[in-house]
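Participant: this one's structure only:
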């Protein structure tokens, strides 16, 4: 595109009162020879916008630099389709946090404008990635409640589904239940399990292809074009699908490890699953001698909330046991029911079930099990009761039921740590752990399954965005993602299918998926200069890039989330987006005017995460906090896109310091691209070498973790850095 | 040919999620929000459990998704007054209350400097005041000022000072009709009115607050800039009690468990200790319901020697009129001793009452005894805490599921 650039400077909101707008305009017209440069007192008003539109029509302006407020506001006003629009923040990060009519504030504004013009000059309109032979079919892996729900809901929305179940029949764990807790008011009645109806609906739906007794041998490709090989009865079938719902559920914790609770030692100690089967047969009898059960003890948290076994709470065992207590009471109201628990976790409307079981006369004991032993064919439970503060010993009990917790199917398998090389080098970036659970068998450079979070769950780490697994287009649902009950599983599977459908539709448009849905750009690789160093393939947080046998990267644009981590990782700088690239940011840095040393005006470049640090800087301005005049702020998609060359560019230009403001990393990371800020910090750890080569101090580069609410802390973070730079002294490269 | 667009009532985390997720599949969506800003209750939270991360971070992404998506339109200060028609073709009447500030507003803030009138800051649950013309909060989206007509004296000073003619004191309510194919009801929840629990002294003793108020006290954009200070005298707190199930699991108030208050109090205990590591925190509970992986968070918080978890339901709370300190009486069930402990501040973990508890929606919805929405006419779905008590991640899942149901209602019609 032939660019015709125009700069518009708004003088409203105090900008015109605080700055010399004529001098600012000269930066555009004289330094950068921008053909059109206008100012307006109310640029976001109808008249201001009209001014821009007229220039677009009359003068052919197609590249627009708006020097006014933050890009976070008036996005709808300064929205000119088919034009490149760049925003220069003179308000929130300009005159609102710097003194008016001050030489340094003016210099800041002028540098901001220079950077904006350079960015606009170097930006091209993105051309969406258009893949071919796209499929709109959803693959559902697992035919239990979550998988059946996912398949049926996708079909109801008009999408074809392929469902793969490893067992010979559908239904999963729920089919083994005798009854389920009522989902409707009064929430305390037991209902028949409706799974047979769900199975029927799926099996009869012509838009759902079901593979039973089948396993996924291999999945290759990317969203919109996953190729799935399914092994069934020795035959290999192939399906092309657009996205995937992982719904393989959980299994019960291995009760044979619960010897201390008597399982395996005494026949009258059974698991909750075994008790369901007994209830379904209508035979509540002691396994040892077939005697009718007159007393039952339910042991909750059998394995759960236990550091030796499952440290987490399995979420459903309390209410499943309450339900089973009702089986006993419904069959024989005179039977004795003991429930041994730590906390009775009957959240929400399960409280009504809990109340009913109390009314039916079950006996509740809170505390820890001390031992379970046999006494003449019956069981005796010893218990440290915290409420009585003493050890109690029960009367002989016919049957003990262990409420074993759940283990996600993704947690079962050999652990694999993915690194650049087989041996693993020193100073590797933090590696992912993938468990070879033999479920998806992805042909991904970074391993065959989803990277798991804690305890092997394929969960998301985001409270706001719980469906974000780390493999684009693959959404986990149900108890494979987190321990959950029946109604939550149904909701979860329905939600996951929406995400799967959304991914299919966005991919067809050539658009990114969450969290940059609006983004039509994608990374392009200039392969002639690739050195096969594997940095991009290893560091991509989403496993988007495969490798050929010579270690050349094989990008999959529809797997890409557009964070730019690969661009930041690449030492040869061969990865660029149309509107975001290493040279573009490098040239913005180079556009900053660096005063001579004797002027005693240091310069600091801040690379700020667009989602959190940048808004926090805006908030500092809205609160009229004062920020050091030496800083020049450049927003980045994610700190993961920070390429070390920018630091070299800045230092060789005479910039005194570089401050990276990114999201919290570590266990409770907040980076929306998962590892971006962590990778930036890892890269910084390696920069001392570069600094030494330039004979510079490593103190000149600092990274701080800030959140969006840290606006009150940011001025001081910057001041502290300024003080450190004063100690270090000016950059010796000034004036070169 | 039916209508393919979707109406979402409520612009909190559930409504926003339902709307954005449906729009990103390709559907036209309208959001109707009664407040002058989007974000609902989560915008008023300081941090989420268990990550202790700020809700504004996720809202920032969601607002950016709205900003860049032409398929979403939203109306603030708006309410639905009537719904007619059927699945695939609903006619929805909407009333838009006057903002008295038009789209010219640049949020420059000059009006606030001249406004002589004050109002209780509802965003901070009345813990401080704003001028009659005000920005709803620091992260308000849209970032436009608004006038509280009940507080405004129509002195005209804001009109005169505004450089862009954004203030219009004569703005009238507007009505409009939307045609949509399906509807998602996501009007959320209110904290249970703790003043109804007479023996806890809420509303009577200044230093008895509820858990949502503590969120504001802990927030850096709150009334105390994030310092947790006693409402009576502004002193930093040394001893804080959390009273769990204040209203919940109680036949006389909310018979159900509100599901989130245990975790909310564990989280809020970390707020207190972050600001004052020597503070002593007592949590009086019946059961700690930290389900699933929240157990890790419970285990971590429990490890702090200054956090005391006492099993027992607080009996009553009295105030020392001289110091405004509070005395909480509880029977510790583990020791069977009656405890009388003195505190600077008592936080009532009040439960969630659905927005539809008091006032039913002008739509064909089915409720349970407690006012939660449990069903509706075909084409009308509920999402989030108006359906049952749930945490934020569950709301997002629920709303994402509701988005698919709403889409199904427009398919093939």
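Facilitator: Yep, that arrived. Worth saying up front: this structure is predicted, and the values here are computed from it rather than measured. Numbers count the residues shown, from 1 in each chain, chains lettered A, B, ... in the order given.
Participant: any idea how far residue B:216 is from residue B:223?
Facilitator: 6 Å (C-beta to C-beta, to the nearest Å). Using the backbone N, CA and C atoms, a C-beta is placed for each residue, glycine as well.
Participant: more neighbours: which of these two?
Facilitator: Shown here are residue B:216 and residue B:223; by other C-beta atoms under 10 Å in any protein chain shown, residue B:216 has more neighbours (24 against 20).
Participant: ok, residue A:492 - how many residues close by?
Facilitator: 31.
Participant: correct me if wrong: it contacts residue A:484.
Facilitator: Yes. If you go by C-beta atoms under 8 Å, residue A:492 and residue A:484 touch, sitting 6.5 Å apart.
Participant: low pLDDT regions in chain B?
Facilitator: For chain B, the stretches flagged by pLDDT under 70 are B:1-2, B:412-413.
Participant: now do the helix or strand of chain A at the bottom of the mean pLDDT ranking: distance to the chain's middle.
Facilitator: Ranked by mean pLDDT, DSSP states H and E, the weakest helix or strand in chain A is helix A:688-693, scoring a mean of 76. In terms of C-alpha atoms, centre = their mean, to the nearest Å, the centre of helix A:688-693 is set 34 Å apart from its chain centre.
Participant: elements contacting that helix?
Facilitator: Judged by 3 or more C-beta pairs under 8 Å, 6 or more residues apart in numbering or on different chains; DSSP states H and E, the packing partners of helix A:688-693 are helix A:644-652.
Participant: got the residues of the stretch 301-450 of chain A near chain B?
Facilitator: Neighbours of chain B within the stretch 301-450 of chain A, by C-beta under 8 Å from any C-beta of the partner chain: A:305, A:311-315, A:343-352, A:355, A:366, A:386-387, A:389.
Participant: just the ones of those in strands?
Facilitator: Members of these lying in strands (criterion: DSSP state E): residue A:366.
Participant: mind checking the SS state of whichever residue of the stretch 251-400 of chain B sits closest to chain A?
Facilitator: Taking C-beta to the nearest C-beta, chain A has its nearest neighbour within the stretch 251-400 of chain B at residue B:400, 3.4 Å off. The three-state assignment at residue B:400 reads helix, by DSSP: H, G, I helix; E, B strand; the rest coil.
Participant: which SS class is the residue in the stretch 501-650 of chain A positioned nearest to chain B?
Facilitator: Here the residue of the stretch 501-650 of chain A nearest chain B is residue A:518; by C-beta to the nearest C-beta that distance is 3.3 Å. Put simply, residue A:518 is coil when judged by three-state DSSP.
Participant: can the helix or strand containing residue A:721 be said to contact chain B?
Facilitator: According to DSSP states H and E, residue A:721 maps onto helix A:714-728. No. Counting by C-beta under 8 Å from any C-beta, chain B is not contacted by helix A:714-728; separation bottoms out at 11.3 Å.
Participant: quick check: mean pLDDT across the longest helix along chain A?
Facilitator: Counting residues, the longest helix found in chain A (DSSP state H) is helix A:486-509. The predicted model assigns helix A:486-509 a mean pLDDT of 98.
Participant: distance from the chain centre to that helix, please.
Facilitator: Taking the mean of its C-alpha atoms, helix A:486-509 sits 15 Å from the chain's own mean (C-alpha atoms, centre = their mean).
Participant: just stretch B:39-58 next, same as before
Facilitator: Per C-alpha atoms, centre = their mean, the centroid offset for stretch B:39-58 relative to its chain is 10 Å.
Participant: what touches both of residue B:216 and residue B:223?
Facilitator: Residues touching both residue B:216 and residue B:223 (C-beta atoms under 8 Å, 6 or more residues apart in numbering or on different chains) are B:124, B:127.
Participant: returning to what we had before: narrow the residues of the stretch 301-450 of chain A next to chain B to those in helices?
Facilitator: A:350-352, A:355.
Participant: so can I have CSV of those residues showing pLDDT and neighbour count?
Facilitator: Shown next, in CSV, are those (pLDDT from 0 to 100; neighbours: other C-beta atoms under 10 Å in any protein chain shown):
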residue, pLDDT, neighbour count
A:350, 97, 24
A:351, 97, 23
A:352, 97, 22
A:355, 97, 19
